[in-house]
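Chemist: attaching a predicted model along with its sequence, questions to come.
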Amino acid sequence: MNCGKSVAILIAVLTFAGCGAPGAPQPPSLQLPRPVEDLRAERKGDEVFLTWSVPTETTDGQLVRRLGATRICRSMQVAMVRCTEVAGEVPTAKIAAAQTKPPPGGQSSKKKSPNKEAQNKEPAVQASFVEQVPANLQAQAPTGFINYAVETLNTNGRSAGLSNQVQAPLAPVLPAPKNVAARVTPDGILVSWEKIMRPVEIPGLAYKYRVHRRAEGSASGTVIGEVPVSSGNPASITDNTFEWEKTYWYRVSTATVLSQPQKAFQVPWRKVASYLLALAIALPRRVQAQPSSRVRHFKPLPPASWR
């Protein structure tokens, strides 16, 4: 009889132990968006363009549900620890809602999979920010760089830290050349423009005119030559690489070259010429004859869509 009771008690103990004890309680998610990892910077003219992908996950692997604004942080320090100088804020939540909004007239035809891997394959929402190069920083360090980072906040104003950090040069740029003109000469097509006043000389900086040519009907252009910006150089260049019986568009821009010890590179920006012109060249009947041409001038255009 006692043996039967012992067996019953043992079975009860084993049954209780098999249920398993609950794990340690997990703290609630703080809903902190993961820091941005693909921040990019590009300098164009007097402006800095920043772009990045909006975070979709929190630091604990959950989908972001409380997305706040994104701070634009800048500093002259090479490595920022915190966002001490805020250049501006971007309403990231509104951008994400606008880019993921289903088409009008009903739900999107594309069904969203609950699978996390399928959601990650969707294109990331892109955010951007543009600001003028700070004049005070440019005056302090014309051959230096400004560092940027972004900080994505939740709706409570908290973040998991700064993004990757990028740099943009502070070097000044020249205005676009005016009064671009072209005419056919025995040596080729002479492209000319109005000289720009010689800038103040800054060690480590050099300026040049860059002449672009695009054949009519083509989406991309070609750089046919460069001329240093100085009082001793003419504001013109002769193009002798063209083809007869074709129409070309010419554009003149300015570029700044930043040189540093043991390294020289061209900063990725340019100013667009105030005028574009098209030159249609007729095949001459005689080699010695002056080729006929017609030049069409156009009003100032926004930043060029071809390079």
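Modeler: Structure's in. What do you need?

Chemist: for this protein, which strand is longest?
Modeler: Ranked by residue count and defined by DSSP state E, the top strand of the chain is strand 247-260.

Chemist: show me the shaky parts of the stretch 201-307 of the chain.
Modeler: Filtered on pLDDT under 70, the stretch 201-307 of the chain yields the residue ranges 260-307.

Chemist: try 90 this time
Modeler: The stretch 201-307 of the chain contains residues with pLDDT under 90 at 201-208, 214-221, 229-234, 241-307.

Chemist: helices of that one, residue ranges please.
Modeler: Under the criterion DSSP state H, counting those that start in this stretch, the stretch 201-307 of the chain carries no helices.

Chemist: okay, now the domains of the protein?
Modeler: Using automatic domain parsing, the domain parsing of the chain gives 40-102+116-169, 181-297.

Chemist: for residue 175, which of those is the nearest?
Modeler: Ranking those by their distance to residue 175 (criterion: Cβ to Cβ) puts domain 181-297 first, at 6.4 Å. Just so you know, the C-beta spots here come from the backbone N, C-alpha and C atoms, and that holds for glycine as well.

Chemist: tell me the contacts of residue 39?
Modeler: When contacts are counted by Cβ atoms under 8 Å, 6 or more residues apart in numbering, residue 39 touches 50, 51, 52, 148, 149, 150, 163, 164, 165, 166.

Chemist: returning to what we had before: in a markdown table, list the domains of the chain along with distance to residue 30 and mean neighbour count.
Modeler: Written out in a markdown table, the entries for the domains of the chain read as follows (distance: least, Cβ to Cβ, whole Å; neighbours: other Cβ atoms under 10 Å):
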| stretch | distance to residue 30 | mean neighbour count |
| --- | --- | --- |
| domain 40-102+116-169 | 7 | 16 |
| domain 181-297 | 38 | 15 |
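
Chemist: make CSV from these and add distance to residue 33 to it.
Modeler: CSV is the format used below for those (distance: least, Cβ to Cβ, whole Å):
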stretch, distance to residue 33
domain 40-102+116-169, 4
domain 181-297, 29
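
Chemist: what's the closest of these to residue 32?
Modeler: Of all the domains of the chain, it is domain 40-102+116-169 that lies closest to residue 32, at 4.2 Å by Cβ to Cβ.

Chemist: next, the distance between the ends of the closest one.
Modeler: According to Cα to Cα, to the nearest Å, domain 40-102+116-169 extends 13 Å from its N-terminal end residue to its C-terminal end residue.

Chemist: and that domain, average pLDDT?
Modeler: Across domain 40-102+116-169, the average pLDDT comes to 88.

Chemist: and residue 181, how far from residue 236?
Modeler: Residue 181 sits 9 Å away from residue 236, going by Cβ to Cβ, to the nearest Å.

Chemist: okay, and the common contacts of these two?
Modeler: Overlap between the neighbourhoods of residue 181 and residue 236 consists of 191, 192, 193, taking contacts as Cβ under 8 Å, 6+ apart.

Chemist: just list whatever residues bridge to the first one.
Modeler: Spelled out, that is residue 191. Partner residues in beta bridges with residue 191: residue 182, residue 237, with DSSP bridges as the criterion.

Chemist: is it in contact with residue 234, as I believe?
Modeler: No: the pair residue 191 and residue 234 does not pass the contact test of Cβ atoms under 8 Å, sitting 11.1 Å apart.

Chemist: re earlier: can you flag which of the contacts of residue 39 belong to strands?
Modeler: Using DSSP E, the members of the contacts of residue 39 that fall in strands are 50, 51, 52, 148, 149, 150, 166.

Chemist: including distance to residue 142, could those residues go into JSON lines?
Modeler: Conversion of those to JSON lines gives the following (distance: Cβ to Cβ, whole Å):
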{"residue": "50", "distance to residue 142": "21"}
{"residue": "51", "distance to residue 142": "25"}
{"residue": "52", "distance to residue 142": "27"}
{"residue": "148", "distance to residue 142": "18"}
{"residue": "149", "distance to residue 142": "23"}
{"residue": "150", "distance to residue 142": "26"}
{"residue": "166", "distance to residue 142": "20"}
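
Chemist: OK, contacts around the closest residue to residue 188 other than its chain neighbours?
Modeler: What sits nearest to residue 188 in space, not counting adjacent residues and going by Cβ to Cβ, 6 or more residues apart in numbering, is residue 240, at 3.4 Å. Residue 240 makes contact with 187, 188, 189 under the criterion Cβ under 8 Å, 6+ apart.
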